[in-house]
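In: The sequence and its predicted three-dimensional model are supplied below.
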Amino acid sequence: MRRGLIIFAFMIGILLASLWPVSAQQAKEFTLLTALVGESANIWLPSTVVVSKGEEVKLKLRNVADKEHGFSIDALNIKEVVKPGETKEISIKPTSEGVLRYYCHLHPGHVGGQLMVK
């Protein structure tokens, strides 16, 4: 009898656990860094970030250079200035597939990258 009661309680526990709402999935995170290439060329690394359409994504923008740098994604209306030594976080949720360019809007000669939304 006692064994049957334990099995019954276990089965009720499994049933209740299956009905409990699953917590929302956390956003994917990527860290992008400024990098000096050669004597004067700055870039954002990585140069390509791949995400899924409708997925919440957190971008950490970290400026390890000695000058402020911009970070822009025109298609998502993002325009940030990141000071030396600073890390800024932005959250995005792309709603359509495609390749979105990111770049430094403060220094047009610097190399940007691309956010590939699949």
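Out: Thanks, I have the structure now.
In: for the protein, what spans make up the helices?
Out: In the chain, the helices defined using DSSP state H lie at 2-19.
In: and the longest strand for it?
Out: If you go by DSSP state E, the chain has its longest strand at strand 28-37.
In: Relative to that strand, what are the paired strands and their orientations?
Out: Neighbouring strands of strand 28-37 in its sheet, by DSSP bridges, are strand 41-45 (antiparallel), strand 57-62 (parallel).
In: TSV for these, including mean neighbour count and distance to residue 115?
Out: To be clear about C-beta, it is placed using only N, CA and C from the backbone, and glycine gets the same treatment. As requested, these are arranged in TSV below (neighbours: other C-beta atoms under 10 Å; distance: least, C-beta to C-beta, whole Å):
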stretch	mean neighbour count	distance to residue 115
strand 41-45	18	11
strand 57-62	18	8
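In: show me the contacts for the nearest residue to residue 73 once chain neighbours are set aside.
Out: Nearest residue to residue 73 in three dimensions, chain neighbours excluded: residue 102, at 4.8 Å (C-beta to C-beta, 6 or more residues apart in numbering). Counting by C-beta atoms under 8 Å, 6 or more residues apart in numbering, residue 102 touches 32, 44, 71, 72, 73, 78, 112, 113, 114, 115.
In: Same check on residue 69?
Out: By C-beta under 8 Å, 6+ apart, residue 69 lies in contact with 34, 42, 63, 81, 82, 104, 106, 107, 110.
In: redo that, cut-off 7 Å
Out: 34, 42, 63, 82, 104, 106, 107 (C-beta atoms under 7 Å, 6 or more residues apart in numbering).
In: and these as JSON lines, adding distance to residue 28 and pLDDT?
Out: Below are the contacts of residue 69 laid out as JSON lines (distance: C-beta to C-beta, whole Å; pLDDT from 0 to 100):
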{"residue": "34", "distance to residue 28": "21", "pLDDT": "79"}
{"residue": "42", "distance to residue 28": "25", "pLDDT": "77"}
{"residue": "63", "distance to residue 28": "21", "pLDDT": "89"}
{"residue": "82", "distance to residue 28": "20", "pLDDT": "93"}
{"residue": "104", "distance to residue 28": "23", "pLDDT": "90"}
{"residue": "106", "distance to residue 28": "27", "pLDDT": "90"}
{"residue": "107", "distance to residue 28": "28", "pLDDT": "83"}
